[in-house]
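Colleague: below are the sequence and a predicted model for it; my questions follow.
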Amino acid sequence: MYACVPQVVLRMMEEVQNEELIKLWSKKMAPPLVTLLSAEPEVQYVALRNISLIVQRWPQILSHEVKVFFCKYNDPIYVKMEKLEIMIKLANENNIDQVLLEFKEYAQEVDVDFVRKAVRAIGRCAVSLEKAAQRCISVLLELIQAKVNYVVQEAVIVIKDIFRRYPNQYESIIAQLCENLESLDEPEAKASMIWIIGEYAERIDNADELLETFLETFPEETSMVQLQLLTATVKLFLKKPTESVQRMIQLVLSCATSETDNPDLRDRAYVYWRLLSTDPEAAKDVVLANKPIISDDVATLEPGLLKTLMEQISTLASVYHKPADTFVSRQRLAVQKVESVASRTFEEEDVAAAPAPQAAAVNNGVVVPAAAASSAPVMDLLGDDLLGDSSQPPAAPAAGGLDELLGGMDINAAAPAAPPAAAAAASSADLFDMFVGSSDLSVSAPATNLPILLSGERAKGLTISGKLSRSAGQIVYYIHISNGSAQPVDGFMLQVNNNSFGLAPADQVVAVGTLASGASGSGQVVMTYSAAKHAQGPASTRLQVAMRTNQLGVFYWDDNIPLSALLEGNGTIDGQTFLNSWRSLPQESVQRLNVTISDIEATKAKLHSANLFVLAHRPVPGTGQDALYVTGRVFHAAQVLLELRLARGMPEVDVSFKSERQELADATVGALRNVLA
């Protein structure tokens with residue numbers, strides 16, 4: 001009951017309009033919240049996550065209690081990190097000196113991650129509290145003088161943010177920053193220092209020399225540093241167009257346009273080059289324009305999300321800082337069914353699934369008419385009710401329930417064999433010499449029915465068509481080019497940007513030879529895996545492609561990677577692995593396909609040919625449905641697990657999808673739709 005009191009008070013504070021009443025309630029809320037910080041670390045962490053939300057919505061509740069959030073020497077790191085966030089939120093002009101003194105102490109500890117967080121906290125306080133910015137900078141300079149490498153680098157990063165928040169106010173400290181250039185070896189710190197040099201180039205006497213020290217390693221730098229170097233050099237040229245700077249800008253632009261495969265860097269370099277060569281004044285207006293003032297919104301939640309979380313305070317949602325519906329399943333778990341599954345085996349035994357007999361079913365010893373049994377909730381592989389909550393309790397499946405559905409499946413049985421691979425080409429054949437009609441092709445190339453990627457209007461007369469497909473166990477980019485320009489074109493080369501699957505051309509040459517005006521040609525580029533091209537983050541089927549020609553320059557387009565091209569021929573797994581994975585993965589996504597299936601065996605053959613492997617086929621007791629358990633492996637991404645529920649001859653197939661990369665669900669179901677259609 002006591003745990004509900006703060007929730008009720010916080011809810012009422014949202015409703016009342018009386019400021020005096022809100023102040024009174026705020027004062028009474030502080031003691032119980034502070035008391036939670038004397039508990040064991042795990043309870044402290046949960047309390048701090050909730051307090052973080054409360055402080056963001058009602059900072060006055062704990063505005064005078066910042067000291068209770070000072071870190072203790074024996075606090076676990078996860079508690080310290082949360083306390084730091086709350087101290088930043090509670091910092092104001094009255095307590096900033098105490099807070100900065102604490103942050104300075106933390107910045108001299110031995111835990112590197114905590115030290116970095118403390119230095120960032122000082123910078124965030126400077127950004128959010130204008131009157132305290134000078135004091136924050138003084139503390140940062142004291143930390144820089146200690147010459148601790150990672151402290152200096154974090155300080156440079158936050159000082160860059162301070163310069164953006166307060167332009168032309170604190171540039172007098174730049175000289176001290178420049179004394180520590182040699183200690184900068186992390187990309188973000190380098191990029192921050194380069195930004196400072198470029199932004200204040202007119203006030204730094206040796207700005208060109210400082211930038212030259214970074215330009216020496218330009219090809220080896222990360223894209224973040226390269227982009228900042230490019231922009232800073234252009235700023236320096238616009239502010240100080242000396243002879244040495246002119247040589248620098250020519251070198252940087254040449255390197256960024258001809259010696260890099262980063263489309264972002266190359267595009268920006270071309271934009272700068274065109275601006276500088278056509279209208280330097282316009283370049284000044286663009287490059288040297290006033291920057292927007294930044295604010296500290298690192299840990300700030302959107303108002304709508306904050307309101308939702310405040311309504312769910314004291315729940316897991318307030319600990320995760322995510323709405324409950326993003327991680328809580330709406331489907332009930334039948335625990336007794338999971339235990340039943342665990343006691344059974346999982347073999348590859350296809351059952352000749354006939355329509356459900358119109359006989360009575362047995363439900364817990366009670367005879368139930370067939371019509372009633374057919375309305376029972378459909379249970380998936382692990383006993384989840386795919387139909388969600390029901391107004392009546394779920395009836396057990398007939399004749400043994402889930403045990404009947406999965407019974408007798410031998411977990412040690414061999415997985416179904418992959419389809420036989422196409423005969424390999426002779427080892428002496430050139431893998432990339434693939435002209436349509438050639439007798440020594442490693443892959444066959446469809447010359448027609450390729451979607452248009454770039455029309456002649458966008459590609460200076462060239463019409464480029466293409467598609468990614470899988471052929472003979474390889475991922476192949478089929479390309480067809482029609483030359484509608486007035487001149488012969490050759491030197492076709494293809495490159496792709498970083499993508500979720502690490503796809504990259506094995507050879508960038510598109511072997512179509514020289515295309516005369518009015519001629520066309522087809523070629524293929526085999527795609528392989530490159531770790532350097534593997535983008536992090538949620539999986540996306542977007543592919544950014546560039547094609548270079550000798551006469552017409554470079555063209556860019558966006559393509560979509562069909563999942564059918566990514567499914568691997570050896571992507572099957574054994575039954576036990578499927579079962580364990582299905583049980584351990586989070587809630588599945590369920591979609592319905594408007595597809596009619598009458599012949600199960602023909603459907604299995606279709607799936608097999610698309611590298612989707614049926615591990616088991618079972619009738620679902622009492623429903624008249626069939627269940628197919630299917631798996632496949634996506635190229636350098638993840639294993640996908642599917643459960644297909646269907647009634648023969650009916651235009652509905654329910655597909656349940658699970659994977660470590662749940663974002664692949666739509667692409668996988670789309671590929672499945674194409675196979676079954």
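Modeller: That came in fine, so what should we check first? Numbers count the residues shown, from 1 in each chain.
Colleague: ranges for the strands of the stretch 401-550 of the chain?
Modeller: Using DSSP state E, counting those that start in this stretch, the strands found in the stretch 401-550 of the chain span residues 452-454, 462-471, 474-483, 493-496, 503-505, 520-529, 542-549.
Colleague: tell me the buried residues in stretch 124-139?
Modeller: 124-129, 132-133, 135-137, 139 (16 or more other Cβ atoms under 10 Å). Glycine gets a C-beta too; all of them are placed from N, C-alpha and C.
Colleague: among those, which pair sits farthest apart?
Modeller: The span of the buried residues of stretch 124-139, defined through Cβ to Cβ, is set by Ser128 and Val139 at 15.1 Å.
Colleague: any stretches of the stretch 401-550 of the chain with poor pLDDT?
Modeller: 401-448 (pLDDT under 70).
Colleague: quick one: closest of the strands of the stretch 401-550 of the chain to Tyr320.
Modeller: strand 542-549 (28.4 Å).
Colleague: and the closest residue to Ile174 other than its chain neighbours, what does it touch?
Modeller: Among residues not flanking Ile174 along the chain, Tyr200 sits closest, at 5.9 Å (Cβ to Cβ, 6 or more residues apart in numbering). Applying Cβ atoms under 8 Å, 6 or more residues apart in numbering to Tyr200 gives the contacts 163, 171, 174, 207.
Colleague: tell me how many other residues crowd Ser183.
Modeller: 17 (other Cβ atoms under 10 Å).
Colleague: show me what contacts it?
Modeller: Contacts of Ser183 by Cβ under 8 Å, 6+ apart are 147, 149, 152-153.
Colleague: okay, and which of the residues you listed map to helices?
Modeller: 149, 152-153 (DSSP state H).
Colleague: mind putting these in TSV, pLDDT, distance to Val16 and neighbour count included?
Modeller: Below are these laid out as TSV (pLDDT from 0 to 100; distance: Cβ to Cβ, whole Å; neighbours: other Cβ atoms under 10 Å):
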residue	pLDDT	distance to Val16	neighbour count
Asn149	88	53	15
Val152	92	50	24
Gln153	91	48	22
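Colleague: sorry, back to before: of the strands of the stretch 401-550 of the chain, which is nearest Thr668?
Modeller: strand 462-471 (14.8 Å).
Colleague: list the helices and strands the closest one packs on?
Modeller: Where contact means 3 or more Cβ pairs under 8 Å, 6 or more residues apart in numbering; DSSP states H and E, strand 462-471 is packed against strand 452-454, strand 474-483, strand 542-549, strand 553-560, helix 563-566.
Colleague: just checking, what packs against the longest one?
Modeller: When contacts are defined as 3+ Cβ pairs under 8 Å, 6+ apart, strand 474-483 sits against strand 462-471, strand 520-529.
Colleague: neighbours of the closest residue to Pro41 other than its chain neighbours, how many?
Modeller: Once flanking residues are discounted, Pro41 sits nearest to Pro76: 4.9 Å by Cβ to Cβ, 6+ apart. By other Cβ under 10 Å, 11 other residues sit near Pro76.
Colleague: repeat for Pro651
Modeller: Neighbour tally, Pro651, other Cβ under 10 Å: 12.
Colleague: tell me the secondary structure at it.
Modeller: coil (DSSP: H, G, I helix; E, B strand; the rest coil).
Colleague: same thing with the one 3 residues further on?
Modeller: Of the three states, Asp654 takes strand under three-state DSSP.
Colleague: from Arg592, how far out is it?
Modeller: 5 Å (Cβ to Cβ, to the nearest Å).
Colleague: between the two, point out the one with more neighbours.
Modeller: Remark: of Asp654 and Arg592, Asp654 carries more neighbours, 19 against 12, as counted by other Cβ under 10 Å.
Colleague: for the more buried one, which non-adjacent residue is spatially closest?
Modeller: That would be Arg645: by Cβ to Cβ, 6+ apart, it lies 4.2 Å from Asp654.
Colleague: got it, and Val640?
Modeller: Val640 sits nearest to Ser659 (Cβ to Cβ, 6+ apart), 4.6 Å away.
Colleague: give me the pLDDT for the one you found.
Modeller: pLDDT for Ser659: 90.
Colleague: related to what we said a few turns ago, rebuild the contacts of Ser183 as JSON lines, extending it with distance to Gly537.
Modeller: Shown next, in JSON lines, are those (distance: Cβ to Cβ, whole Å):
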{"residue": "Lys147", "distance to Gly537": "36"}
{"residue": "Asn149", "distance to Gly537": "29"}
{"residue": "Val152", "distance to Gly537": "30"}
{"residue": "Gln153", "distance to Gly537": "24"}
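Colleague: tell me the contacts of Phe555?
Modeller: Contacts for Phe555 (Cβ under 8 Å, 6+ apart) come out as 454, 458-460, 462, 464, 546-549.
Colleague: rerun at 10 Å
Modeller: 453-454, 458-460, 462, 464, 545-549 (Cβ atoms under 10 Å, 6 or more residues apart in numbering).
Colleague: ok, Tyr556 next?
Modeller: So Tyr556 contacts 263, 266-267, 454, 458-459, 495, 497, 544-547 (Cβ under 10 Å, 6+ apart).
Colleague: any idea how far the residue nearest to Gly553 when sequence neighbours are not counted is from Gly521?
Modeller: Closest residue in space to Gly553, ignoring its immediate chain neighbours: Lys460 at 7.5 Å, by Cβ to Cβ, 6+ apart. Applying Cβ to Cβ, the value for Lys460 to Gly521 is 17 Å.
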